[in-house]
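A.B. asks: quick one, fold the following:
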Amino acid sequence: MLTDLEVDWVPVAEVGEVRMGKQLSPASSRESGIQFPYLRVANVLDGWIDYSDVNSMSFDAVERKKYGLIPGDILLNEGQSLELVGRSAIYDGDPGAYCFQNTLIRFRGGERVIPEYAQAVFSQWVSDGTFASIAKKTTSIAHLGGDRFAKIPFPLIPLAQQFQVARVLDSVVESERSLRRVMKKKLKIRDGLLDSILNFCGEEGRVEFVPCGEVIKMAGGAPLGQARPNSNGRYPIVSSGGLAGRGDRNITSGPAIVIGRVGEGAGSVHFAKGPVWVTDNALWVSRVSPGWVAEFLAIYLRWRDLGKLRSQTGQPLITQGVINRIGIPHLGLDEQRKVVQISNVWDDEFSKSCECLRKIRSVRSGIIGDLLSDGPRSYRSTVAD
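C.D. replies: Sure, this is the predicted structure:
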């Protein structure tokens, strides 16, 4: 039993190296010299790294050595929405094939810790709110901070037991990977159907296109704290990154189209049929013109992939002006509802897979959760200072 182990609580910095990545700037993107691929928050997901959309910037030889990644390095989201700050994954690419940006923190474990065990601990700290409790909050994003992360007491157990934990977790993680592959296939089928329908609508002369600004009116969200968040809250809280918890207040009675405004979620589109609270890193549609189905508009804007239209200098951002200029195909109400129906059939299938994934992750969290339950919590206030 994990709870029977003798745990030595030591600062993270004593069991591995903690390093922030290279700061991205317009100059570093344009500098002459070797343009080298780097990973950012969008690449580091919950337990896995997406290498399909990687940017490049200038890294000299010294910087490539300093910021280069080797297998076993753990990357954590330094800047994120509050509920996702500290999200992590183990780098499994070739040695030196990628560097990393300063929106990420790299943890390179020493001889006393194995990557699989350390990443399981970090994942639990996202789930139990440890990272959120020490993060510095701005109006739209939370920052974990390399120094604050390095001070958190880490539950160090003997290596033999770490390998035992890793073996148990490996079977759970493999189930997650398998289910994600199934989910990816379902999304591909759904997107293929929508592509065939919406691309057909977009063929020249078939339908009239109306500027988005003539169809919807948008408003900005409000700070998370004003929603009075709590685990038993009546209303979902939606941020730029999606569902961000529950609270006692709603900002709209719904149905609600929510568009990520700033951060890595800028350009994301979420839809809620009922009342929700929308945080200040997102926009929400306060009015839909007659003759339009709100859910169809959400589907179309999501299909348009607004993330491609966001600014690429500094923090990602998409403005109302950019969104307002997008053309929306003026389909009849019956045609709009048909698109919604097709999308919902596949979304229901996807939701079933998501529920299975949630249960698997709950098992994973429970494996390590007992080990951390008796750890010191008084450090939360001191580390955050």
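A.B. asks: find the centremost residue of this structure, please.
C.D. replies: Geometric centre of the chain, nearest residue: G241, 5.8 Å, by Cα atoms, centre = their mean.
A.B. asks: tell me who's in contact with that residue.
C.D. replies: The contact partners of G241, by Cβ atoms under 8 Å, 6 or more residues apart in numbering, come to 80-81, 83-84, 260, 263-265, 268. Any C-beta I mention is one placed from the backbone N, CA and C, and that applies to glycine too.
A.B. asks: I'd like those as JSON lines, with distance to Q124 and secondary structure appended.
C.D. replies: Shown next, in JSON lines, are the contacts of G241 (distance: Cβ to Cβ, whole Å; DSSP: H, G, I helix; E, B strand; the rest coil):
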{"residue": "Q80", "distance to Q124": "17", "secondary structure": "strand"}
{"residue": "S81", "distance to Q124": "19", "secondary structure": "coil"}
{"residue": "E83", "distance to Q124": "14", "secondary structure": "coil"}
{"residue": "L84", "distance to Q124": "14", "secondary structure": "coil"}
{"residue": "G260", "distance to Q124": "27", "secondary structure": "strand"}
{"residue": "G263", "distance to Q124": "24", "secondary structure": "coil"}
{"residue": "E264", "distance to Q124": "22", "secondary structure": "coil"}
{"residue": "G265", "distance to Q124": "23", "secondary structure": "coil"}
{"residue": "S268", "distance to Q124": "26", "secondary structure": "coil"}
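A.B. asks: and of those residues, the nearest to R177?
C.D. replies: Checking the contacts of G241 against R177 by Cβ to Cβ gives L84 as the nearest, at 20.0 Å.
A.B. asks: once you drop chain neighbours, what's closest to that closest one?
C.D. replies: Take L84 and drop its neighbours on the chain: the residue closest to it by Cβ to Cβ, 6 or more residues apart in numbering is G241, 5.8 Å away.
A.B. asks: please, where are all the helices along this protein?
C.D. replies: 26-30, 61-67, 115-127, 130-134, 146-151, 159-202, 294-303, 320-324, 333-372, 379-384 (DSSP state H).
A.B. asks: nearest to I90, of those helices?
C.D. replies: helix 115-127 (5.0 Å).
A.B. asks: my read is that G369 contacts S123, right?
C.D. replies: No: under the criterion of Cβ atoms under 8 Å, G369 makes no contact with S123, lying 10.3 Å away.
A.B. asks: find residues that contact each of those two.
C.D. replies: Counting by Cβ under 8 Å, 6+ apart, nothing touches both G369 and S123.
A.B. asks: neighbour count: these two, which is higher?
C.D. replies: Remark: of G369 and S123, S123 carries more neighbours, 22 against 14, as counted by other Cβ atoms under 10 Å.
A.B. asks: from what I can see the more buried one touches S88, true?
C.D. replies: Yes: counting by Cβ under 8 Å, S123 touches S88, with 6.3 Å between them.
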